[in-house]
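> Sequence below, structure please.
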Amino acid sequence: MKQILLLVALLTSLTDSVYAQADKPLRVFIRAGVKTHGPGQHDHPRFLGDWTKLLGERGVKVEGAMGLPSATQLENTDVVIVYAADGMKITGDSRANFEKYLQRGGGLVVIHDGVVSGDQLEWAKKVQGGAWRWDLPAEKRTKWYEGEVGVYFVDPTHPITRGASNFDWKDEIYYDLDMSPDVKILATSFHSVFVIAPQMWTYERTWEGGSTPHRSFVS
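Reported below is the predicted structural model:
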């Protein structure tokens, strides 16, 4: 299910762009990072290898690295996938390059702990529609839960989630993120009957100085 949703998200992230209209392969850059956590968890290098192969077999032009893409790489990219610890902590020249990418409407897919941005909270929220908060009292900061959880699709008509059915599994969810009011929530999960949290959403924004909205999908 994760693979199907991510693939559809990639292919729909630039529906209205000149790249999707042209007779060209979709150009994807996968930003990975070192593995963290225990066996089978947060395996960013494996994701990079598996998805480079999977997308390449489907006609997608794929580049990737264990760090952020260069300015030249971004110029030749339609969609950036971020799956790395603190993946949205982007500063300095890398941020300037990335903002130019956003200005021209570059697509973004953010997976799991890629959503974390360190102390770059407000900037990350503007890019992906939500931010992991470390800077609040314990009861208000972003939290995680590992165990038996359910995934509930609140928008079964969206191209990314069309045809998907609710399911239960053992996994990890995040909750109490700082969310923009204009995100479009596709799926939720729960920690308890009192905490129902977005787990998949899309976000669209025209970056300062740009004319074409960039689109983000976060899972």
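
> how about the residue nearest the centre of the chain, what does it touch?
Residue closest to the average C-alpha location in the chain (CA atoms, centre = their mean): V110, at 1.4 Å. By CB atoms under 8 Å, 6 or more residues apart in numbering, the residues touching V110 are 81-83, 87-88, 128, 216-219. Heads up, the C-betas are built off the backbone N, CA and C, glycines and all.

> repeat that with 6 Å
82, 128, 218 (CB atoms under 6 Å, 6 or more residues apart in numbering).

> Can you convert those residues into JSON lines and add a column each for distance to K35?
Shown next, in JSON lines, are these (distance: CB to CB, whole Å):
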{"residue": "V82", "distance to K35": "16"}
{"residue": "Q128", "distance to K35": "23"}
{"residue": "V218", "distance to K35": "21"}
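
> Against A84, how distant is the residue nearest to the centre of the chain?
10 Å (CB to CB, to the nearest Å).

> swap in F29?
Counting by CB to CB, the gap from F29 to A84 is 12 Å.

> ok, those two, which is more surrounded?
More neighbours surround A84 than the other of F29 and A84, with 29 against 23 (other CB atoms under 10 Å).

> The more buried one: what secondary structure?
Following DSSP: H, G, I helix; E, B strand; the rest coil, A84 is assigned to coil.

> who's in contact with it?
31-33, 44, 114.

> Y152: neighbouring residues, count only.
15.

> cool, and D93?
Around D93 there are 11 other residues, counting by other CB under 10 Å.

> which of the contacts of V110 are buried?
Buried members of those, scored by 16 or more other CB atoms under 10 Å, are 82, 128, 218.

> So which elements touch the helix or strand hosting I185?
Here I185, judged by DSSP states H and E, is contained in strand 184-192. On a contact count with 3 or more CB pairs under 6 Å, 6 or more residues apart in numbering; DSSP states H and E, strand 184-192 meets strand 143-153, strand 195-205.
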